[in-house]
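> pasting a predicted model and its sequence here:
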Amino acid sequence: MLKCGTFRCDGPPVKQCDNCNKSLFCENCILVHSSEHLKDNVICNFTEIKLKLSKIDFTRLKSTIKLSIYKIEIQKKQIMNEALSVSCQIKFMVKSAFKHLDEMTEYYNELYKKTEFKAKDHKKIKSIISEDLLFEKPSFSKLEGTLTKNTKNTKNQIKSVDMKQIQDIYDLITEMLGC
């Protein structure tokens, strides 16, 4: 964790002084530090904080970023596959709806062409005459999804521990058994 370079200051650093071994300063301590430079007639040069990672952390960062990008690409492919699946479902629903509507049209056309009707059709004909055919506005169920939701799991950092550390941490008495 980064700390302000001023003694007993717990403020989060926002700048570094390039004249003083890149010392870090919070917003409040910048003014105090620059006044010290003025006393010594030295120009104070504050810049953005730049961090240098250890080789291990740098390697871990690069590796983690590569893995994250790989996982992002996999997610893109999964989204595309899911979209194709939904598209197929929609096409099937549309095809089924059109088939049903075509059957209805065919039935109405058959009745339209007739001049004489069978007794069994009497009830349907009275219904057609007395009722208006209305359709609800076509809609698909609200299409919702989670396409980019992600979680972050903290990685366990493996540290080597010796017997002395175990004794100190857990206040244990350990014995070495010779076999």
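Nice, thanks for sending it over.
> spit out the contact partners of residue 138.
residue 97 (CB atoms under 8 Å, 6 or more residues apart in numbering). All C-beta spots, glycine's among them, are computed from the backbone N, C-alpha and C.
> next one: phi and psi at it?
The phi and psi values for residue 138, taken as degrees, to the nearest 10, are phi -60, psi 140.
> Three-state assignment for the residue of the chain most remote from its centre, please.
Largest separation from the mean C-alpha position in the chain: residue 116, at 66.3 Å (CA atoms, centre = their mean). For residue 116, the secondary structure call by DSSP: H, G, I helix; E, B strand; the rest coil comes out as coil.
> ranges for the helices of the chain?
Remark: helices assigned in the chain by DSSP state H are 27-39, 55-113, 122-130, 163-170.
> dump the ones you listed to JSON lines, plus distance to residue 1.
Converted to JSON lines, those look like this (distance: least, CB to CB, whole Å):
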{"stretch": "helix 27-39", "distance to residue 1": "17"}
{"stretch": "helix 55-113", "distance to residue 1": "14"}
{"stretch": "helix 122-130", "distance to residue 1": "78"}
{"stretch": "helix 163-170", "distance to residue 1": "22"}
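> so which of these is nearest residue 13?
Of all the helices of the chain, helix 27-39 sits nearest to residue 13, with 8.5 Å by CB to CB.
> centre of the chain to that closest one, how far?
Averaging C-alpha positions (CA atoms, centre = their mean, to the nearest Å) puts helix 27-39 42 Å from its chain's average.
> who are the packing partners of it?
Applying 3 or more CB pairs under 8 Å, 6 or more residues apart in numbering; DSSP states H and E, one finds that helix 27-39 contacts strand 13-17.
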